[in-house]
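> Build me a model:
(one chain, ligands or ions: 2)
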Amino acid sequence: MPDSPTDIPREFHSEYEERPFQSCTRCGEMLAGISGGYQIFKLYRQNEAIYEYALCDQCYGGVLQEFSAESTEQLHEFHRQRVSLNLGRWTCAVCGNARGEDGEVEFSLSGACVGRRLIHELMICGGCRREMQALLSRHTREVWDRFVEENFPGVPAGTISPTELVPA
Ligand SMILES: [Zn+2]
Ligand SMILES: [Zn+2]
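Ligands and ions are numbered 1, 2, ... in the order given. Predicted coordinates:
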């Protein structure tokens, strides 16, 4: 089926389910009916998706609330200053490199969706992912790692970061 403006592009589909994400990875809520929308995240290495999840806005908002005010402000500030939301999914939203440039094998894709519509998409290269991880306070990293451990089985702590999602 070809992509159209109202369809979630193939790259944002669940590899595991071989179709668009149907439900929130954490709470199981059906995504199509969530008025506040949801986020999709996929981590790629050598062009193969190795981790993926979908998170409804309730679950995403819940974990964000556990961050300290300072960390939340830091995340927002970083996004305001460094992240472009309009570069598409072949260009790093932070440094502007193309996928695979400089031999970088890793990148992440994030999408903010409502129903069957993709509202924002974000690609972040491996180098920028590592830089953004370092930006988090210890408290934020602990909160997030616990969240990942409890909700995303099989995803090792430290491999994904809240900085890579589209800010709420
Ligand atoms: Zn949820
Ligand atoms: Zn980059």
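
> So which residues lie in contact with stretch 137-152, not counting its own?
Here stretch 137-152 makes contact (C-beta atoms under 8 Å, 6 or more residues apart in numbering) with 25-26, 51, 53, 59, 63, 66-68, 70-71, 74, 133, 136, 155, 157-158, 160-162. No exception for glycine: its C-beta is placed from N, CA and C like everyone else's.

> Now with 10 Å, please.
24-27, 41, 51-53, 55, 59, 62-68, 70-72, 74-75, 133-136, 155-163 (C-beta atoms under 10 Å, 6 or more residues apart in numbering).

> Can you show me the CA trace of that stretch as CSV?
Extracted C-alpha coordinates of stretch 137-152, given in CSV (Å, rounded to 0.1, in the frame of the first residue of the first chain):
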residue,chain,number,x,y,z
SER,A,137,20.8,14.4,34.7
ARG,A,138,21.4,11.3,36.7
HIS,A,139,17.9,11.5,38.3
THR,A,140,16.3,11.7,34.8
ARG,A,141,18.3,8.8,33.5
GLU,A,142,17.3,6.7,36.5
VAL,A,143,13.6,7.5,36.1
TRP,A,144,13.7,6.7,32.4
ASP,A,145,15.8,3.5,32.7
ARG,A,146,13.4,2.2,35.3
PHE,A,147,10.5,3.1,33.0
VAL,A,148,12.2,1.3,30.1
GLU,A,149,13.0,-1.8,32.3
GLU,A,150,9.4,-2.1,33.5
ASN,A,151,7.7,-1.4,30.3
PHE,A,152,9.8,-2.4,27.3
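
> buried stuff in it?
Within stretch 137-152, the residues that qualify as buried are 140-141, 143-145, 147-148, 151-152, counting by 16 or more other C-beta atoms under 10 Å.

> Also stretch 31-41?
So for stretch 31-41, counting by 16+ other C-beta under 10 Å, buried means 31, 34, 37-41.

> Please go through those and note which also touch ligand 2.
Among the buried residues of stretch 31-41, no residue sits close to ligand 2 (C-beta under 5 Å from the ion).

> and which of the residues you listed is nearest to ligand 2?
Nearest to ligand 2 among the buried residues of stretch 31-41 is residue 41, at 16.3 Å by C-beta to the ion.

> and that closest one, bridged to which residues?
Under DSSP bridges, the beta-bridge partners of residue 41 are residue 53, residue 110.

> Phi, psi for residue 12 please.
phi -100, psi 0 (degrees, to the nearest 10).

> do you know how far it is from residue 46?
In this view, residue 12 and residue 46 are 19 Å apart by C-beta to C-beta, to the nearest Å.

> Show me which of the two is the more surrounded one.
Neighbours were tallied for residue 12 and for residue 46 using other C-beta atoms under 10 Å; the higher tally belongs to residue 12 (22 against 8).
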